[in-house]
Structures are given as structure tokens and as C-alpha cells.
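*Asks:* Sharing a model that was predicted from the sequence below.
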Amino acid sequence: MADKPTKQPKSLDVIDGLGLTMGVKEDGTKTRRLKDVKSALAIYTRLKDADRQSALQRARIDGMFDGAAPYDQSKLNASGQGQKTNLNFGEAQRLLDISLSAYVDLYSSLEKFVNVKGTVGEDAQRHEWEDIVSSELTQLLKSWPEFHSNYLRLCTTFIKHGVGVAYFDSPEGWQFKVGSFEDILIPRQTPSSEEAIDVSVIRRSYHIHELANFIKNPEAAAKVGWNVDEVKRVMVKNVTTNGRGSFSTGNLNSDYESLQAEIKNNDLLVGVENPTVSVLHFLVRETDGTLSHYSCVESSPSKFLYEKPSRYKSAEEAYVMFTYGVGSNGTYHSIRGLGQRVFSHVQTSNRLRCQMIDGAMISSAVMLQPESTRALEELDMTFYGSYAVLSPNVNIIEKAIPNLSNAVQPALQDMQNQLAMNTDTQSPYGPSQSSPYRNKDQVISDMDISTQLSGAALNLFYASWGRLLREVVKRVIKSPKDQRTKDFCDRCYDRGVPKEFLNNLDLARTTAVRAIGDGSRANRLASLRELNAISGSFDEVGRANLTRDIVATRVGADIADRYAPQMDVPRETVDNKIAIMETATLNQGQPMPVLSSELHGTHLGIHLESFGQLLEALNTGQADPMQAMPVLQAFYQHIAEHTQFASGEPALEGLVAQAKQSLQYGEEMINNTAKAMEKIQRDEAQAQQQMTEEEAAMMQQQGGEQPQEDPKIAAAQVQMQIMQQKAELEMSIKQQKHEQDQAIRDAEAAMKFQEDARS
């Protein structure tokens, strides 16, 4: 008989030790909602007592999935029914496996788990970098050994009980852990939202050597919030042997020094041969939305092991709740999963099947009735060839036994139908019952349709999964780097992603990639075939991606590269075509205006190629400088304007530097050509001065050349235009750099102001 749970308060604020608000003292320091370790332990005790009945029901559901028999065998033995059939036929586990396989398909069928959004660079480049970062983040998660097991445990808990929890040990680490209401306690009547949880208690067990690692450097441990003396006390109290026998001198420092020496010699043996220490982690929500973190041992704590006020900036930084709906009244504890839905059906089905087996065994047996106890003891059967002789005083009972199969089978069929309608994890159609819609995909559909998830379950899961991945990506990008995240950054840099882009992702727009087919391979193939029918309207990259998705669905993403390699070529935009057309116009010496809304990086990449070819032709003497002068000036002016707009984009720094270098060469070429033209025109002017006025007049009358413009004036005008454009470009670059520096200073001042205000 389970203990009767204590009556739960309507509001968490009346729990002993948790204040209503977090105030401010006269000296400016903040008061804490959680007063001391005694109050923390009282909160834990009340939450544990309130959850006792729910914990018992969760244990029963887990037992059903784990194969627990429908009857208590000890009670059957006590009542003389020990031979009664008592089997769990695994119906619940089959439903769980079917449902879990669909969730596994949600990520095993994907090449990218997450989509990131950048804020730096132009559209074409930004989309390419986003794909690279997303694929490398997926590789980072796959390379984490615990990712697969944690994901499976999260999905299993979510399916079984309707609520799963993914949480982080610290605000920095990106590897998440998984729990359930078995090891995470929250107040009852808490609305199903992380922001509504005022306090949560996470129970964790640590080995002795793990506790020792927390305070390996006592001074550093004390600065980050560890109570070194309390950790030492807990270690000494819970250790039973130091590898050479029991010890206890009564002196904390002496005992700890002896234990520390043994840990240094053989920390694994000390950790294994001593019992684990149960530690409670309290996450308390303050009125400013931050979460304070406190830890203490579960058994007889004297002080907190760890204290860190406002350690997490928000609830999502600490944990993400996976909930199947909002329950009957919008609270966490009213949410029910697959286990609660099928428990009664499966238990009744198991008992009916047990009864049917008992009836079949009785029906197939010959019933004998001894006339006395002595006859029962002497019961024997002797065979003589084809004859069998029973011992005396035994009668054969000829009594028709009802065929229980005929009575039980309709009930079992009805139970299975009800079970199919009450669960979202399977379809009424499958291998045992063909769908009425016959088509060429019937065989595949019958095999896979039972793994399809309902739209409601899928959307609810992805809502939490997306928030969890967003927090993981944020920690990978913003938090101090470990070896795996360093390798991730290096791979991104090697593939051409600028550091500026990686450090300025729009983390709020990070989303989880949804699998095609909602967890069903048959639905995924059907969707891809429908897309294949309209693939003629896709561009080349889209058609290649569709082909790869179809191949990956058939053979898996790892082998798909053998048949349809991933295309890393960025998609061309309309600006590519516009830039090509502008290049043709510029090659005719006609100027083209530049609009601020154009993709300047795309235009520069195309124009610089033609501009470089022109400069190369002039340097090698393959082009006539006089004839190329209008083309050179048109390119120079156009590229200078694009460079002016692009210079404010950090991601285009390399392209802008290349453009400036080309403009410098172009400027030198224009100056040299202008000087050459000036010299030619000056020589022609001197030759004309040697003519007499009559000869000049006669030549004009005979259709000679018309008087030309003063070459000095023309050269001065060209030089003036170049100097003006160069001055405007340098002024624009200086102005944009000044604005960027000012924005950085303003942001640093704002952050410093916020930190001062918080402290």
C-alpha cells in the first residue's frame, strides 16, 4: 500500500523556505528566495511526497513495458494458484518499438539536423555558408558518442510518460543530459511551460572520485561557488574504505588527506568500491527570470555543496521540457503518454491471453478424480503394449470443458481495435490488415505505414527539439571551446566560412530540420515521387538535391555519395545574369549606374574577372590603350561604386581588398594612357604649328582634319575625374569604418551598463 501523498499547495510560494520575491538589501546586494540548506531539503521532501503516487504509477507502467507479469506471482503461490499462466506477451513493448522506430527515422533519415541563419554576407554567399555550418553542426552532434543514446532515451521517456526533460549541467557545455520525473521533481499544478517552473530538483549520484575532481583546485573551486569544506566532509562521511581498510580518525583534514592520497594512487578503485553519493541540484527561478543553482547531499546535509545565484539567464538555458500536449488542466503532471493510454488495455489483454492458455491446457488434458487421498498418493499408470492401466480407486471424468478460445477471442479482437484507436503510434492498417486503397506501393505501405506519427505528436516533439538544438548551437558558438567545437570551427574555416559569419549567426532563427514523411519511409518515398513529377520546374541544384534525397532514402545518406554526390555549388541568382549583361555593356565603353540594393559581392566577382582580363591585355600590349580608354574608364567607375557599397560588409573584406588592388592597377593604367595620349596630342600640335596658315587653311578647305580639342585640357579632365572618384571612395570607406567603430563602442557601453545594473 503506497503512502498517501501530502496535499500539494496551490502556489509554490507557500513552500517553506522559498520567498515570495527576491528583494534588495540596504547595501545593494540581492536577497535569495532559497534561504538555506534546511529549507532546500524541506522543499525536496514535500515535492517527493507529493510525487509518491505518480512515481508508483510510473513504476507500474515501466514494469509493463519491461515485461512484468500481469499477476503478482507471490500472491498466486500463496493462494495455491502457482501453476496459473502468468505471462507478459510483450504487446506494450511492441507498441513502444513501433513508435520509437518512427522517432529514430526522424533523425536517421536526415543529412542535416539543424538549419542556421546568418547575418553577414550577401544572399548567395550567405546561403552557401549556412549550408556548410549546418552540415558541420550535424557532424559535431553525430561525433558525440552519447548523442544517439541520449536521443533514444529522450524519445522513450517522451513516448512512455508524455514528459521528457533535456537539461544542461552548466551554462557553458553544449552536451545535454536526459531525465524524466523519476529524477527531476517540480511542484504539482505547475503550468506546462519552462517559464512557469519556480523550482526544480534534479537528483544525481556521484562517485567519490567525481566529487574530488570538483575541488581538485580548492581556490578555483571556491571562486566558482563550491564549498570545499562541505565537499570534503561529504566525501569522508560516505567513504567506507580507502583501499586498505576502514578508517575514521575523527579529524576531517586528516581523514581527507588520507582519502586524497588513495584517490591519487587509484581513484577508480576508490570510486567503485565505495557507495555513490546522492546529490540534489536545486534550480530556483528568481523574479528577474534568472535561475539560481544550489546543490546539497540528500542525506543529512549541513551546508550547500555549491551555490551560484542567477547562474542561468533563462529557463531554456537550464532545461527544455518535451511534452505531449498540455494535459487535462494545462499542468505538467496531467500530461499522459503512451504508457497510461495502453496500460489497462494491455494488462487486460495479458490476463485474457493467460486465461485462454489455461483453458487450452485444461481442454487438452484428461481429468482424473481419485476417490481418496491414499488413491491420489498411489496414482500411477502402467502401460502394456497398446493398453494403459490406471491405479485403482481413480475415476475418469467425462465432462465437456467450455472452449474458452471462442469466448476470449472476440474480447481480444475488440481490445486490439480499441488499442489501435486510442494510440497515435500505429495505424489500423498494416501487415495484418491490408489497406483498402490498393496500388503499386501496397507492399511498402503495409510494411511502413504503422510507423507513421500523427501530426500532433510530430509538431509537439519538433517544438521542443527545435528549442533544444537552438540552445546547443548557441553554446557551440558562444561558449568557451572544447576540442570538438574547435574542430568544428576549423572545418568551417577550411570550407571558406568567415569567422565573422560564424560569430554573428542569428541564433533566434535556428530551426530543426523536419524529416520528409513524418517518420515513415513509405510516406517519404511517396512525397519524393510527387516532387519528382514536378521537378521540371526546379533549377539544376534543386533537381540534383531531389535525386540525392531519393537515393538517400533507398540506400542511406552515407552511401548516397556514391551515386549522387552532394552539390556544393552555390545557386546563381538574377544578379548573376544582370552582372553578365552589365559587363557586356561596359565592354562597349558605356557607363552603368550602380544601385544600393544590388548584390555587390556577386557583381564584383563577375566584373573583376573581365576588368582583370582587360588590364592583362593592356599590360601585354594585346589591346590598344587609345581604343580601350573608354572601356577602362567605364569599368573603373562601375567597380569603384560597387566597392564603395561593399566596403561596409565585413564578410566581403577579401573581395573588397581585391577590388581596391584592381582599381589601383586601373588607375595607374588610366594615368599612363592619359599621359601617352597627351604626348601624342602634344606632338601633333607641334607639327601643326610648323605649318603655315595657308597650308592649314588649304588643308581645311580640302577636307582635312577639324581642329581638335586641346589635349592638355582633355588629360586634365580625365585626371580630375580619377582623383574625384578616388577621394569619394576613400571618404566613404573611412565614414563606414567610423560608423562600425562607433557601433561597437556603443554596444560595449550598453553591455557594461547592463552588467553594472545587474551587479
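*Replies:* Thanks, I have it.
*Asks:* okay, CA-based contacts and neighbour counts for the rest of this
*Replies:* Noted.
*Asks:* Quickly find the element holding the most centrally placed residue in the chain.
*Replies:* The centroid of the chain falls nearest to L469 when counting by Cα atoms, centre = their mean (2.3 Å). Here L469 sits within helix 455-478, counting by DSSP states H and E.
*Asks:* which of the residues in that helix are buried?
*Replies:* Going by neighbour count (16 or more other Cα atoms under 10 Å), the buried part of helix 455-478 is 457-459, 461-462, 464-477.
*Asks:* lowest-pLDDT helix or strand in this structure?
*Replies:* Lowest by mean pLDDT, DSSP states H and E among the helices and strands of the chain is helix 442-448, with a mean of 51.
*Asks:* Report the buried residues of stretch 227-240.
*Replies:* In terms of neighbour count (16+ other Cα under 10 Å), stretch 227-240 has its buried residues at N227, V228, D229, E230, V231, K232, R233, V234, M235, V236, V239, T240.
*Asks:* Just the CA trace of it, in PDB.
*Replies:* The C-alpha atoms that make up stretch 227-240 are tabulated as PDB, following Å, rounded to 0.1, in the frame of the first residue of the first chain:
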ATOM      1  CA  ASN A 227      32.000  24.900  -0.600                       C
ATOM      2  CA  VAL A 228      35.300  23.000  -0.300                       C
ATOM      3  CA  ASP A 229      35.000  22.000   3.400                       C
ATOM      4  CA  GLU A 230      31.500  20.600   2.800                       C
ATOM      5  CA  VAL A 231      32.600  18.600  -0.100                       C
ATOM      6  CA  LYS A 232      35.400  17.100   2.000                       C
ATOM      7  CA  ARG A 233      33.000  16.300   4.800                       C
ATOM      8  CA  VAL A 234      30.600  14.500   2.500                       C
ATOM      9  CA  MET A 235      33.500  12.500   0.900                       C
ATOM     10  CA  VAL A 236      34.900  11.400   4.300                       C
ATOM     11  CA  LYS A 237      31.400  10.600   5.700                       C
ATOM     12  CA  ASN A 238      30.400   8.400   2.700                       C
ATOM     13  CA  VAL A 239      33.700   6.600   2.200                       C
ATOM     14  CA  THR A 240      33.700   3.100   3.800                       C
END
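*Asks:* Could I get the average pLDDT for it?
*Replies:* Stretch 227-240 carries an average pLDDT of 86.
*Asks:* Tell me how many other residues crowd V656.
*Replies:* 25 (other Cα atoms under 10 Å).
*Asks:* Hmm, it is touching A646, no?
*Replies:* Yes - when contacts are counted by Cα atoms under 8 Å, V656 is listed as touching A646 (6.7 Å).
*Asks:* buried residues in stretch 615-635?
*Replies:* When burial is assessed from 16+ other Cα under 10 Å, stretch 615-635 yields the following buried residues: L615, L618, P625, A628, M629, P630, V631, L632, Q633, A634, F635.
*Asks:* from the chain's centre, how far out does it sit?
*Replies:* From the chain centre to the centre of stretch 615-635 is a distance of 55 Å (Cα atoms, centre = their mean, to the nearest Å).
*Asks:* can you give me the end-to-end distance of it?
*Replies:* Counting by Cα to Cα, to the nearest Å, you get 11 Å between the two ends of stretch 615-635.
*Asks:* related to what we said a few turns ago, can you list the buried residues of stretch 227-240 in JSON lines and add distance to S170 and secondary structure?
*Replies:* Formatted as JSON lines, the buried residues of stretch 227-240 follow (distance: Cα to Cα, whole Å; DSSP: H, G, I helix; E, B strand; the rest coil):
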{"residue": "N227", "distance to S170": "17", "secondary structure": "coil"}
{"residue": "V228", "distance to S170": "19", "secondary structure": "helix"}
{"residue": "D229", "distance to S170": "22", "secondary structure": "helix"}
{"residue": "E230", "distance to S170": "21", "secondary structure": "helix"}
{"residue": "V231", "distance to S170": "19", "secondary structure": "helix"}
{"residue": "K232", "distance to S170": "22", "secondary structure": "helix"}
{"residue": "R233", "distance to S170": "24", "secondary structure": "helix"}
{"residue": "V234", "distance to S170": "22", "secondary structure": "helix"}
{"residue": "M235", "distance to S170": "22", "secondary structure": "helix"}
{"residue": "V236", "distance to S170": "26", "secondary structure": "helix"}
{"residue": "V239", "distance to S170": "27", "secondary structure": "coil"}
{"residue": "T240", "distance to S170": "30", "secondary structure": "coil"}
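*Asks:* okay if I get these as JSON lines plus distance to V120?
*Replies:* Output for the buried residues of stretch 227-240, formatted as JSON lines (distance: Cα to Cα, whole Å):
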{"residue": "N227", "distance to V120": "45"}
{"residue": "V228", "distance to V120": "46"}
{"residue": "D229", "distance to V120": "50"}
{"residue": "E230", "distance to V120": "49"}
{"residue": "V231", "distance to V120": "47"}
{"residue": "K232", "distance to V120": "50"}
{"residue": "R233", "distance to V120": "53"}
{"residue": "V234", "distance to V120": "51"}
{"residue": "M235", "distance to V120": "51"}
{"residue": "V236", "distance to V120": "55"}
{"residue": "V239", "distance to V120": "55"}
{"residue": "T240", "distance to V120": "59"}
